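Asks: could you work out the structure for the sequence below:
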Amino acid sequence: MKPFLRLTAAAAALCAASPAAWSLTAEEAWEAWVGIAAEYGEEVTAANTSKSGNVLTASGVSVSMEMEELNLSGDLGDVTFTENGDGTVAIAVPSAFQMMMVADPEYGEKVELTLDFAMEGLDMTASDADGGGAAFSYDAPTMTFTLGDMTVDGEAVPINFVGTIGGSTGTYTKAGDIVTSVFNADSLKIDFDGRDPEGEGRGKGTISMADISSTSTGKGQLIFMDPEAIPELLKSGASVQGSTKVGATTFAIEGTDAGESFAISGDMDGGTGSVKLDADQVLYAVSYTGFDMTMSGSEIPLPEVTVGLGETSFNMIMPIAQSDAPKPYMLAVGLKDLTIADGIWNMFDPGTVLPRDPATLTFNLAGTGNWLIDILDPEAMANPQGMPGEIHSLNISDVLLKAAGAELTAEGTFTFDNTDLMTFGGMPAPDGTLRAKLSGANGLLDKLVTMGYVPADQANGVKMMSGMFFRPGDGPDVLTTEIGVSPDGTVSANGIPIPLQ
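Replies: Got it, this is the predicted structure:
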């Protein structure tokens with residue numbers, strides 16, 4: 001949703017700053033709009049401005065933005081700012097306007113296109129923000145954006161694209177150098193269809209989302225600047241954080257080309273995402289639930305293929321500032337309840353030998369570490385002097401691998417001696433223990449022998465070798481182990497040293 005909002009920000013005046021301390025005048029609202037746009041790299045100009053009574057009219061308003069390899073521009077027409085008499089200003093923008101985008105990368109094709117925007121029943125108001133500054137709120141029953149002309153390297157691309165946002169509301173607040181935004185929408189629907197201008201290929205699709213919401217807070221216009229400027233902006237105090245949530249989502253895409261066909265459709269219960277970036281660290285998290293997808297096509301050797309995931313998650317915390325003191329880091333991944341169609345199973349397991357229970361993979365790696373160089377400095381990253389960073393601790397948890405009747409769990413804790421880079425061949429000397437439990441592994445091996453994928457003698461060899469690392473657990477076909485690593489270089493399994501050479 002953010003790209004669309006950025007395209008319409010100038011027209012909707014969703015973010016502004018104001019010098020007024022208790023109310024806004026029409027002139028202040030217009031100046032705030034122009035000023036905040038400039039901070040974000042937008043240039044908003046008017047052919048002229050005039051005021052009659054309590055109404056300021058900005059005539060011939062145009063908007064332009066230049067980013068790396070991307071330019072946006074548009075003519076909005078006349079925009080009016082009406083003082084309501086209660087310290088607020090009502091803003092009226094044309095119900096329809098057009099934006100042009102030109103993407104001209106150094107390597108790649110030049111893309112030029114126009115987008116037609118329409119906002120039915122738009123209600124927008126500017127007011128003072130708490131703590132100074134200005135707040136802009138809006139309510140738009142329907143907002144649509146339609147792709148007009150599109151060319152790639154000068155050649156017209158025949159494509160239709162229409163997006164519709166229903167029941168959207170939002171606020172943008174600018175106080176000092178902090179910008180806060182809140183966006184909500186009942187629905188988003190995108191329909192598209194087109195064909196290959198150089199061949200016979202055709203395609204069409206529909207994407208629908210419900211219950212969309214997002215919030216963000218930024219300082220220093222971080223996400224709107226040239227990427228090469230981000231390191232210096234971070235060092236000067238810039239930061240950004242935000243979150244997004246979507247509800248039920250469906251999609252369907254199909255196409256044909258030279259007698260071949262394909263179709264993909266699916267749905268998702270919902271998802272969330274969040275990000276935070278400042279000079280100290282970056283945090284990123286995303287998760288989806290109830291994802292199902294169906295694929296079919298002339299090149300797929302089945303009527304259709306279905307894949308499902310109960311939950312998908314990815315979480316990361318990484319320090320980015322150079323520091324002498326250890327800082328926390330974390331990487332957690334979850335792929336839960338993965339299912340695939342029986343048709344795929346039957347291709348390699350026609351006798352239904354293997355259990356077809358949902359598969360799961362999760363793990364969590366967390367600890368402390370620090371960078372010895374400035375990773376925001378390209379020169380320092382390109383020519384590091386010695387080790388670029390240090391790892392001080394590692395905690396392993398939530399390890400679960402479950403598939404085909406077998407299950408592996410593990411957890412462990414390690415510390416690292418960064419003054420000892422000799423014992424483990426350049427790696428900081430670790431000290432800790434990894435504990436693991438493996439269930440159903442022998443049964444899985446036996447099933448693979450039955451299916452003919454593993455020779456019986458090799459399976460028996462694996463079982464014998466496992467005795468070097470595992471010991472019997474608390475049930476049939478259950479194995480456990482404790483792998484210990486000592487600072488002196490000793491690696492042991494269940495207390496018994498393991499020769500490394």
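
Asks: ok, L302 - contacts?
Replies: Residues near L302 by Cβ atoms under 8 Å, 6 or more residues apart in numbering: 296, 341, 343-344. All C-beta atoms are positioned from the backbone trio N, CA, C, and that covers glycine.

Asks: give me the buried subset of those residues.
Replies: 296, 341 (16 or more other Cβ atoms under 10 Å).

Asks: among the contacts of L302, which are in helices?
Replies: 343-344 (DSSP state H).

Asks: now the contacts of L302 as CSV including pLDDT and distance to I373?
Replies: Listed next are the contacts of L302 as CSV, based on pLDDT from 0 to 100; distance: Cβ to Cβ, whole Å:
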residue, pLDDT, distance to I373
S296, 92, 51
A341, 91, 49
G343, 89, 52
I344, 91, 47
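
Asks: quick one: which two of the contacts of L302 are the most distant?
Replies: Pairwise distances across the contacts of L302 peak at 12.9 Å for S296 and I344 (criterion: Cβ to Cβ).

Asks: count the residues that sit near the nearest residue to G194 once chain neighbours are set aside.
Replies: Distance criterion Cβ to Cβ, 6 or more residues apart in numbering; nearest residue to G194, sequence neighbours excluded, is I159 at 3.2 Å. Under the neighbour criterion other Cβ atoms under 10 Å, I159 is assigned a count of 16.

Asks: coming back round to it: shared neighbours of S296 and I344, anything?
Replies: By Cβ under 8 Å, 6+ apart, the residues touching both S296 and I344 are 302, 305.

Asks: does the residue nearest to G194 really touch G148, like I thought?
Replies: No: contact criterion Cβ atoms under 8 Å: I159 and G148 do not qualify, at 10.4 Å.

Asks: can you pull the residues that touch both of those two?
Replies: Joint contacts of I159 and G148 (Cβ under 8 Å, 6+ apart) do not exist.

Asks: ok, how many other residues are close to the closest residue in space to K219 that isn't next to it in sequence?
Replies: Spatial nearest neighbour of K219, chain neighbours left out: S239 (4.9 Å); criterion: Cβ to Cβ, 6+ apart. The local packing of S239 (other Cβ under 10 Å) involves 17 other residues.

Asks: was I right about S239 contacting I230?
Replies: No: counting by Cβ under 8 Å, S239 stays clear of I230, with 11.2 Å between them.

Asks: so what does the one helix or strand T151 maps to touch, helix or strand wise?
Replies: If you go by DSSP states H and E, T151 is part of strand 134-152. Judged by 3 or more Cβ pairs under 8 Å, 6 or more residues apart in numbering; DSSP states H and E, strand 134-152 is in contact with helix 2-12, helix 26-39, strand 111-120, strand 123-128, strand 159-175.

Asks: can we see that at 7 Å?
Replies: strand 111-120, strand 123-128, strand 159-175 (3 or more Cβ pairs under 7 Å, 6 or more residues apart in numbering; DSSP states H and E).

Asks: quick one, the helix or strand just after the longest one and strand 134-152 angle?
Replies: Looking back up the chat, that one is strand 159-175. For strand 159-175, the following helix or strand on the C-terminal side (DSSP H and E) is strand 178-195. Counting by axes from the mean of the first three to the mean of the last three Cα atoms, to 10 degrees, strand 178-195 lies at 30 degrees to strand 134-152.

Asks: just the buried residues of the helix or strand following strand 178-195, please?
Replies: The helix or strand immediately downstream of strand 178-195 is strand 202-219, counting by DSSP H and E. When burial is assessed from 16+ other Cβ under 10 Å, strand 202-219 yields the following buried residues: 203, 205, 208-219.

Asks: for these, which one is nearest V111?
Replies: Taking these together and measuring to V111 by Cβ to Cβ, the closest member is G203, at 17.8 Å.

Asks: what's the pLDDT at that closest one?
Replies: At G203, the pLDDT value in this model is 94.

Asks: and for the nearest residue to it once chain neighbours are set aside, the neighbour number?
Replies: With Cβ to Cβ, 6+ apart as the criterion, G203 has its nearest non-adjacent residue at 3.2 Å, and that residue is G255. The number of residues packed around G255, counting by other Cβ under 10 Å, is 19.

Asks: could you do Q458 as well?
Replies: Per other Cβ under 10 Å, the neighbour tally for Q458 reads 12.

Asks: how would you label it: helix, strand or coil?
Replies: Here Q458 is recorded as helix under DSSP: H, G, I helix; E, B strand; the rest coil.
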